[in-house]
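Q: Okay, predicted coordinates and the sequence, questions at the end:
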Amino acid sequence: MPAAEVVAVNQCSGNRRGLFQPHVPGVEWGYGAMGCARWKGARLKDVLDKIGLKKEAIEIVFNGAEGPAFDKTPDFIKSIPVWKAMEETTLVAYEMNGAPIPHLNGAPARIIVPGWTGTYWMKHVISIKAATKPDSNYWMNPAYRIPVGKFPVVARFATQENATTTPITEMVVNSLITSHADGAKVKAGSVTIGGIAWDAGYGMRSVDMSTDGGKTWTQAALGQDLGRFAFRPFSLALPAKPGKLTVTARASNAIGQTQTAALILNPAGYHHNVMHSVTFEVI
Amino acid sequence: MRTLTIALLASLLALPALADETQTQLKDAPGRDKVEGNCAACHSLDYIQMNSPFMNAATWDAEVKKMIKAMGAPISDADAKAIKEYLVKNYGG
């Protein structure tokens, strides 16, 4: 099968859960449960075409080699809708950044679902099934779900939706200031602030920065474009007078979605995309 | 329903990846052995400490119940009671 490549962000559904107020139990992630890599492998579409997918198939179901410690613990199994499985960028990857995928990243083969949260990126793949019924295992329902209608997401997983919840699907537009840590000391004059922005693959339109709590915004320069699923760098030089300086970044994507100012609460602590701020001490 | 299975990796040899647990030392108190013996079989004990600032008797009770009912942890009633008491007393916020 021909090899395909995609640079794509893999982000945990619960990235930033630790920042939720009120607290949501779980892994108390800060900002870092994500990464961006160049993935290479066979297109899942080509694999399914070779088999000959029947039109009755509605979901593609993945399982990995790892298993639970106890018999009654649900094995980690995930499905995606056929339409997502058939996208050109959905891969069965065997390389990460030009080398065989390391063990902890899913060796020897991992499903790559660009734009969607990491829960679907099955590691150590040992089976790919076409199903004519919605998969009903624990990790599809009740786990990894969001309230219906609460988030501005386009990608729907219709066969899994019910009246109140739907599986988490694509990532919400987001950005992170990475050039400085909160509380950083900088010299008065000018400070160049940078970071990364990403979304579900619609592409970044702009990243704006504010030093007055969001009253006024200045557009940052966008850096190298490694594709619509990749981290997009941004940077902006801002004047810095002695004292405290709080800088807020706000990413907007090509379909007009923008980061939220107020946290969107949900039971599992997913999709945290509140605008990130860093406060500097200018000396 | 036709189910198609692709056996991609029939002979996968995945070495177990051991997380570094040297940082996680739970408070020494009655019930610690039950927590270590039951909970650490599946997940890092870090989860206890990282959630502790926000937890109370009701939320720890809910977590232990979830581990038994949803996650299928084979924990006896007596051990579950000891685990809950240990967590509430030592990591109850």
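A: In hand now; what should we look at? Predicted model, so just to flag it, every value in this text is computed and none were measured.

Q: Quick check: the residue of chain A nearest chain B.
A: Scanning chain A for the residue nearest chain B gives residue A:72, at 2.8 Å (criterion: CB to the nearest CB). (C-beta placed from N, C-alpha, C; glycine too.)

Q: what residues are up against that residue?
A: B:72, B:73, B:74 (CB atoms under 8 Å, 6 or more residues apart in numbering or on different chains).

Q: check contacts around the closest residue to residue A:208 other than its chain neighbours.
A: Nearest non-adjacent residue to residue A:208, counting by CB to CB, 6 or more residues apart in numbering or on different chains: residue A:217, 3.9 Å away. For residue A:217, the contact set (CB under 8 Å, 6+ apart) comprises A:208, A:209, A:210, A:250.

Q: do you know how far residue A:217 is from residue A:250?
A: Taking CB to CB, to the nearest Å as the measure, residue A:217 falls 7 Å from residue A:250.

Q: Find the residues that touch each one of the two.
A: Residues touching both residue A:217 and residue A:250 by CB under 8 Å, 6+ apart: A:208, A:209, A:210.

Q: who wins for neighbours among those?
A: For the shared contacts of residue A:217 and residue A:250, the largest number of neighbours (other CB atoms under 10 Å in any protein chain shown) sits with residue A:209, at 23 neighbours.

Q: ok, which stretches of chain A are helices?
A: All helices of chain A, identified by DSSP state H, fall at A:44-51, A:82-85.

Q: which of those sits most buried?
A: Counting by mean count of other CB atoms under 10 Å in any protein chain shown, helix A:82-85 has the highest mean neighbour count of the helices of chain A, with a mean of 19.

Q: For that helix, the averaged confidence score.
A: Averaged across helix A:82-85, pLDDT comes to 98.

Q: And stretch A:137-154, by the same measure?
A: Rounded mean pLDDT across stretch A:137-154 is 96.

Q: What sits closest to residue A:43 if chain neighbours are left out?
A: In space, residue A:43 is closest to residue A:4, 5.0 Å off (CB to CB, 6+ apart).

Q: ok, now how distant is residue A:226 from residue A:35?
A: 13 Å.

Q: Any idea which residue of chain B lies closest to chain A?
A: Taking CB to the nearest CB, chain A has its nearest neighbour within chain B at residue B:72, 2.8 Å off.

Q: got the contact list for that residue?
A: A:68, A:70, A:71, A:72, A:73, A:74.

Q: neighbour-wise, which of the residues you listed leads?
A: The contacts of residue B:72, ranked by neighbours (other CB under 10 Å): first place residue A:73, 18 neighbours.
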